[in-house]
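S.K.: any chance you can model this:
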Amino acid sequence: MSTIVYSSVWVLGIFLSSTLTAFGICKLYNQPFANPALSNEQIIQRMIDIGKTLTIILGQAVLATAFLWNTMLPMSAHNFPKTFLTIIVFVILIEFFYYIYHRMIHKYFYEIHKQHHLITDVYPLDTFDFTLLDSLGLVVSIGLPMLLIEVTILEQFIILFIYIVSSYLSHSRQFYDHHYKHHSLRKCNYCIFLPIFDILLDTYK
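M.R.: Presented below is the predicted three-dimensional model:
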């Protein structure tokens with residue numbers, strides 16, 4: 001199979017497994033995945049609208065992964081301590097790049113990001129409501145660390161799985177409200193998963 005096919009199967013597989021995991025967690029804790037105030041017709045329309053954006057995001061992710069595919073090491077290339085350390089470093093780099101991007105876009109190019117903030121009372125279904133340019137910023141922030149450190153295919157799977165699941169759950173006040181608060185307060189909580197740089201740079205609420 002070609003690199004683009006491998007990349008497509010990989011990205012779509014991670015996204016599907018992450019989405020099902022987040023949905024399952026919501027069901028397990030009896031928490032809504034979509035805003036319960038919406039009718040079934042409105043939820044379906046919301047899914048169609050976000051599905052269009054997701055197609056773009058996943059397409060960008062497939063192309064980025066295909067470009068970086070040959071830089072990834074085989075699954076067995078690192079032992080457990082090395083894998084653990086690599087994931088920690090990778091997470092710190094993602095948070096650093098996305099913090100810079102997210103804070104700057106709020107300050108200087110908010111029109112690009114405004115769509116994601118049209119709803120303040122967000123639910124997991126609202127996670128991937130982005131514009132084309134905004135979704136590119138997200139994909140680049142998550143993929144850029146792969147140019148700086150060596151990661152195995154397994155490590156990349158774990159990192160993407162963690163970030164997609166946590167992104168869903170962070171768009172809910174019930175699970176992890178760091179990002180939920182960002183939707184209403186805006187000028188704080190710019191990190192995605194771990195608010196490392198929010199704490200260090202005094203933007204944590």
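S.K.: the one helix or strand Glu41 maps to: what's the following helix or strand?
M.R.: Mapping Glu41 onto the secondary structure by DSSP states H and E places it in helix 40-68. Moving toward the C-terminus from helix 40-68, the first helix or strand encountered (DSSP H and E) is helix 80-108.
S.K.: now that following helix: average pLDDT?
M.R.: Across helix 80-108, pLDDT averages out at 95.
S.K.: which parts of that helix are buried?
M.R.: Of all the residues in helix 80-108, those buried under the rule 16 or more other C-beta atoms under 10 Å are 83, 86-87, 90-91, 93-99, 101-103, 105-106. For every residue, glycine as well, the C-beta is placed using N, CA and C.
S.K.: helices or strands up against that helix?
M.R.: Using 3 or more C-beta pairs under 8 Å, 6 or more residues apart in numbering; DSSP states H and E as the contact definition, the elements that helix 80-108 packs against are helix 110-113, helix 132-143, helix 153-170, helix 196-200.
S.K.: and the third one, what does it pack against?
M.R.: What it means is helix 153-170. Using 3+ C-beta pairs under 8 Å, 6+ apart, the elements in contact with helix 153-170 are helix 3-28, helix 80-108, helix 132-143, helix 178-185.
S.K.: which of the residues in it are buried?
M.R.: Residues of helix 153-170 classed as buried under the neighbour-count rule (16+ other C-beta under 10 Å) are 153-160, 162-170.
S.K.: measure Leu169 to Gln45 for me?
M.R.: Here the distance between Leu169 and Gln45 works out to 23 Å (C-beta to C-beta, to the nearest Å).
S.K.: before we move on, the earlier item: what is the helix holding Glu41 packed up against?
M.R.: helix 3-28, helix 132-143.
S.K.: what about that helix, distance to the chain center?
M.R.: In terms of C-alpha atoms, centre = their mean, to the nearest Å, the gap separating the centre of helix 40-68 from the centre of its chain is 12 Å.
S.K.: avg pLDDT for that helix?
M.R.: Helix 40-68 comes out at a mean pLDDT of 91.
S.K.: buried ones in it?
M.R.: Of the residues in helix 40-68, those scored as buried under the neighbour-count criterion (16+ other C-beta under 10 Å) are 43, 46, 50, 53-54, 56-58, 60-66, 68.
S.K.: most widely separated two among the residues you listed?
M.R.: Taking every pair in the buried residues of helix 40-68 and measuring C-beta to C-beta, the maximum separation is 35.1 Å, between Ile43 and Leu68.
S.K.: many thanks, we can stop here.
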